[in-house]
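Enquirer: pasting the sequence and the predicted coordinates here, then a few questions.
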Amino acid sequence: MDVRKEEVEKLLGCRITDGQFGKALGLARSKQEYIYRQEGRPVVLQHWYLVKLTEEYVRNLAFSKFTMDLCEALRNMEKEHSVKDQSAQMDTPIVTGSAL
């Protein structure tokens with residue numbers, strides 16, 4: 001039995017895109033295989049285990065995307081602030097002591 005997107009959505013309590021599901025499921029299958037090769041426990045190969053791994057990866061990928069988006073927003077704010085600071089410095093006339 002293959003993992004269905006609806007199973008993962010039920011655990012998450014929200015809807016996810018096909019892309020999110022596909023990427024998470026691929027990563028979950030790789031992790032499942034890795035764990036089984038390392039530990040040899042048959043429970044790792046059960047359907048529910050793969051569903052839980054897929055849920056875990058959906059959460060991890062969403063958190064990573066959120067973090068990257070936040071970092072990019074911060075970087076853009078810093079660039080914008082830097083440009084404003086430079087233009088403000090250029091617009092300010094310099095008055096020397098002899099002009100006073």
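Expert: Great, that's in hand. Numbers count the residues shown, from 1 in each chain.
Enquirer: from A73, how far off is the closest residue to K52 other than its chain neighbours?
Expert: Closest residue to K52 apart from its sequence neighbours, by C-beta to C-beta, 6 or more residues apart in numbering: L11 at 7.4 Å. The way it works is simple: take the backbone N, C-alpha and C, and place the C-beta from them, glycine included. Relative to A73, L11 is positioned 29 Å away (criterion: C-beta to C-beta, to the nearest Å).
Enquirer: these two: which is more packed in?
Expert: In this comparison of L11 against A73, neighbours counted by other C-beta atoms under 10 Å, the higher total goes to L11 at 15 against 10.
Enquirer: got the contact list for that one?
Expert: V51, K52, E55 (C-beta atoms under 8 Å, 6 or more residues apart in numbering).
Enquirer: report the buried residues of the host helix or strand of it.
Expert: Taking DSSP states H and E as the criterion, the element that holds L11 is helix 5-12. Judged by neighbour count (16 or more other C-beta atoms under 10 Å), helix 5-12 contains these buried residues: K5, E7, V8.
Enquirer: now stretch 13-27
Expert: When neighbours are counted by 16+ other C-beta under 10 Å, the buried residues of stretch 13-27 are found to be I16, Q20, F21, A24, L25, L27.
Enquirer: again with stretch 34-53
Expert: Per 16+ other C-beta under 10 Å, stretch 34-53 contains these buried residues: I35, V44, Y49, L50, V51, K52, L53.
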